[in-house]
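1. 3D, please:
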Amino acid sequence: MGIKKTIYVGLAMVLGLILSFIAHAIIEIFYINYSLSRGIILKPSALTPKCYLPSILQIFLIFAGLLGGYILGQKWWTKIYGKNN
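-> Residues are numbered from 1 along each chain as shown. Okay, here's the model as predicted:
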């Protein structure tokens, strides 16, 4: 894989990671609102003390963002530059 493709796919992975953080924030807002409306007392997760989502979900979102960015970068590269590059 050439340097140009590596940078392209790497930046797509960064985009996926940013989108996963946005998804994390939206999910956490709904989770906190749901819990508070039901009177559920939340505890911070062990992974990040200022987050109330379960640690496994936090890790899943990060890996999903990276994997999604990788797949997206590969597909976009093929669509824009073709299979020969």
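2. any idea of the pLDDT on the residue nearest the centre of the chain?
-> Nearest to the mean C-alpha position of the chain, counting by C-alpha atoms, centre = their mean, stands Ser20 at 2.4 Å. For Ser20, the pLDDT comes out at 97.
3. any idea what sits nearest it, other than its immediate chain neighbours?
-> Nearest residue to Ser20, sequence neighbours excluded (C-beta to C-beta, 6 or more residues apart in numbering): Gly65, at 2.7 Å. No exception for glycine: its C-beta is placed from N, CA and C like everyone else's.
4. State the distance from that neighbour to Leu11.
-> Distance from Gly65 to Leu11, counting by C-beta to C-beta, to the nearest Å: 13 Å.
5. before we move on, back to that, the residue nearest to the centre of the chain: what's it in contact with?
-> Leu61, Ile62, Ala64, Gly65, Leu66, Gly68 (C-beta atoms under 8 Å, 6 or more residues apart in numbering).
6. If we use 10 Å, what do you get?
-> Counting by C-beta atoms under 10 Å, 6 or more residues apart in numbering, Ser20 makes contact with Gln58, Phe60, Leu61, Ile62, Phe63, Ala64, Gly65, Leu66, Leu67, Gly68, Gly69.
7. Does the third one lie in a helix or a strand, and which?
-> This points to Leu61. Using DSSP states H and E, Leu61 sits in helix 55-81.
8. Please identify the buried residues of that helix?
-> Leu57, Gln58, Leu61, Gly65, Leu66, Gly68, Gly69, Leu72, Gly73, Trp77 (16 or more other C-beta atoms under 10 Å).
9. Grab the nearest non-local neighbour of the fifth one.
-> On the basis of C-beta to C-beta, 6+ apart, the spatially nearest residue to Leu66 that is not a chain neighbour turns out to be Met13, at 5.4 Å.
10. what does stretch 74-81 rub up against?
-> With C-beta under 10 Å, 6+ apart as the criterion, stretch 74-81 contacts Met1, Gly2, Lys4, Lys5, Tyr8, Val9, Ala12, Lys83, Asn84, Asn85.
11. shouldn't the fifth one be in contact with Gly2?
-> The one in question is Tyr8. Yes: between Tyr8 and Gly2 there is a contact under C-beta atoms under 10 Å: 9.4 Å.
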